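In: Turn this into a model:
(chains A, B and C)
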Amino acid sequence: MLDQTQTRPEDSASIQTSPRKRYIKTKAGFLMVLRHRDDVLGCLAQLAETEKLASASFVGMGFVHRATFGFYDFVKKAFDPKTFYDAELASMTGTIAWQNGKPSIHAHGVVSDASFAAVGGHVLELEVGTGSLEITITAHDQRLEREIDPGIQANILGL
Amino acid sequence: MLDQTQTRPEDSASIQTSPRKRYIKTKAGFLMVLRHRDDVLGCLAQLAETEKLASASFVGMGFVHRATFGFYDFVKKAFDPKTFYDAELASMTGTIAWQNGKPSIHAHGVVSDASFAAVGGHVLELEVGTGSLEITITAHDQRLEREIDPGIQANILGL
Amino acid sequence: MLDQTQTRPEDSASIQTSPRKRYIKTKAGFLMVLRHRDDVLGCLAQLAETEKLASASFVGMGFVHRATFGFYDFVKKAFDPKTFYDAELASMTGTIAWQNGKPSIHAHGVVSDASFAAVGGHVLELEVGTGSLEITITAHDQRLEREIDPGIQANILGL
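Out: Here you go, the predicted structure:
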């Protein structure tokens, strides 16, 4: 099964960001191709910094070594996380904005394993598996900021 | 579990569309951020009317209070609906066109709850939950109309 | 249930590509509407050839008669396929590039049946069902090629 709650200590250590070319500029924004062990949210944040993205939307898919989803518990005021290993990323959808001067990536995804059963939700961490992960980024002109709405403890994209 | 077949009567009454800013114009179209209790299909239809959209495509994700999917029963000639509550919208994909002078929104989605198990299909109704829902809209120049194909009782986007 | 491992011999024979108009050009690329029995990957490849697409990204959804997903077995060095019939395509995300002079379509998808339970993964084959399937294509200017990475036996989009 996909679900493995125990952590595998070698994973976090091995996430790396080598100088390999990870994206090209397109008419609408960028096309990114990530490879084995790339940290997806980190690479999107790096793109936002390097390219001084005002804001952006993205879709993507590929193969992941590790996907951690979180479901928000409004009583505990924290995400309940669950990690799935070695799965196809059947879909990823998200936006890039800024928060406190840092890129803020909001991504949701769906993954499936050899049984093809799909799980998904709010992405907390995503690491590319043995293969690649392709992301199409549409850039917007407006600098957008995310802010925590104190009433619902949620991070909201301000327009 | 996500599935609750009983209706909750307070829900439909509380769907509202306040004058709060729900979208901005982007290079490619629009970026929409909906909030708690917003009716997603209604807000997309309102965008189509206000902005006189010829046609458009969209992707989105967020948190929903209520998602009703329908699976078409060709014998009964009706959708069998099922409603899921308080779930992450892991993915939404769709198009905006016109039918009989009114906006026609066609959306498919995938949602998941605290178990992360994913369900999805053709969206009949979608209401934002405690959080937000972000939609990226790509506008097209051609006015497109949907028409029912009598042979298959399906609503088809005409090119 | 969705899963039917036995093949239905009439299916492959009846995939056809009639001269009916399947897409229009938009500002960002193309909007494609496929109909019953259309071969989705074949129609995208035909678009790439006819329109001399350098490369492209796409998202889509609709109703499928048949979706075959494959999960790669690194020991057998082959995809383990599984076919699902008469299901909503809740999401499809992919890219178009070239390989050995032919269009190379990489698509991932999520489908669900009357139970709404979602399955998904890497799309090997996809045939439209009784209804339609809508695909929004964003065209890029760069000609991109896919190449097999011999180390991982995976087809990688080169930038």
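In: For the rest of this, base every contact and every neighbour count on C-alpha atoms.
Out: Will do.
In: tell me the contacts of the residue nearest to the spatial centre of chain A?
Out: Nearest to the mean C-alpha position of chain A, by C-alpha atoms, centre = their mean, lies A:Leu41 at 4.0 Å. Applying C-alpha atoms under 8 Å, 6 or more residues apart in numbering or on different chains, we find A:Leu41 in contact with A:Ile105, A:Glu125, A:Leu126.
In: gap between the two ends of stretch A:24-31?
Out: Length of stretch A:24-31, first residue to last, C-alpha to C-alpha, to the nearest Å: 5 Å.
In: On the three-state scheme, the nearest residue to A:Glu134 once chain neighbours are set aside is what?
Out: Leaving aside its chain neighbours, A:Glu134 sits nearest to A:Val33 (4.6 Å; criterion: C-alpha to C-alpha, 6 or more residues apart in numbering or on different chains). With DSSP: H, G, I helix; E, B strand; the rest coil as the basis, the three-state label of A:Val33 is strand.
In: A:Val33: what's it in contact with?
Out: By C-alpha under 8 Å, 6+ apart, the contact list for A:Val33 reads A:Arg22, A:Tyr23, A:Ser132, A:Leu133, A:Glu134, A:Ile135, C:Leu157, C:Gly158, C:Leu159.
In: Would you state the strands of chain A in chain order?
Out: All strands of chain A, identified by DSSP state E, fall at A:23-25, A:29-35, A:55-73, A:78-99, A:102-112, A:118-140, A:146-149, A:154-157.
In: what angle sits between the lengthiest helix in chain A and strand A:55-73?
Out: Longest helix of chain A, by residue count under DSSP state H: helix A:40-50. Relative orientation of helix A:40-50 and strand A:55-73, computed by axes from the mean of the first three to the mean of the last three C-alpha atoms, to 10 degrees: 140 degrees.
In: quick one: low-confidence ranges for chain A?
Out: In the predicted model of chain A, residues A:1-19 satisfy pLDDT under 70.
In: ok, now with 50
Out: Applying pLDDT under 50 to chain A picks out residues A:1-15.
In: Tell me how many other residues crowd A:Thr136.
Out: For A:Thr136, the count of nearby residues is 26 (other C-alpha atoms under 10 Å in any protein chain shown).
In: Now do the contacts for it.
Out: A:Gly29, A:Phe30, A:Leu31, A:Met32, A:Phe58, A:Val59, A:Gly60, C:Ser57.
In: So which of those residues wins on neighbours?
Out: Per-residue neighbour counts (other C-alpha under 10 Å) across the contacts of A:Thr136 peak at A:Gly60, which has 28 neighbours.
In: wouldn't it be in contact with C:Thr95 here?
Out: No. Contact criterion C-alpha atoms under 8 Å: A:Gly60 and C:Thr95 do not qualify, at 9.2 Å.
In: residues contacting the residue in chain A positioned nearest to chain B?
Out: In chain A, the residue that lies nearest chain B is A:Val119 (4.5 Å; C-alpha to the nearest C-alpha). A:Val119 makes contact with A:Val110, A:Val111, A:Ser112, B:Ser112, B:Phe116, B:Ala117, B:Ala118, C:Ala118 under the criterion C-alpha under 8 Å, 6+ apart.
In: partners of A:Phe84 in the sheet?
Out: Beta-bridge pairing of A:Phe84 under DSSP bridges involves A:Asp3, A:Ala67.
In: Would you confirm that A:Ser132 contacts A:Phe63?
Out: Yes. The pair A:Ser132 / A:Phe63 is scored as a contact, 5.9 Å apart, by C-alpha under 8 Å.
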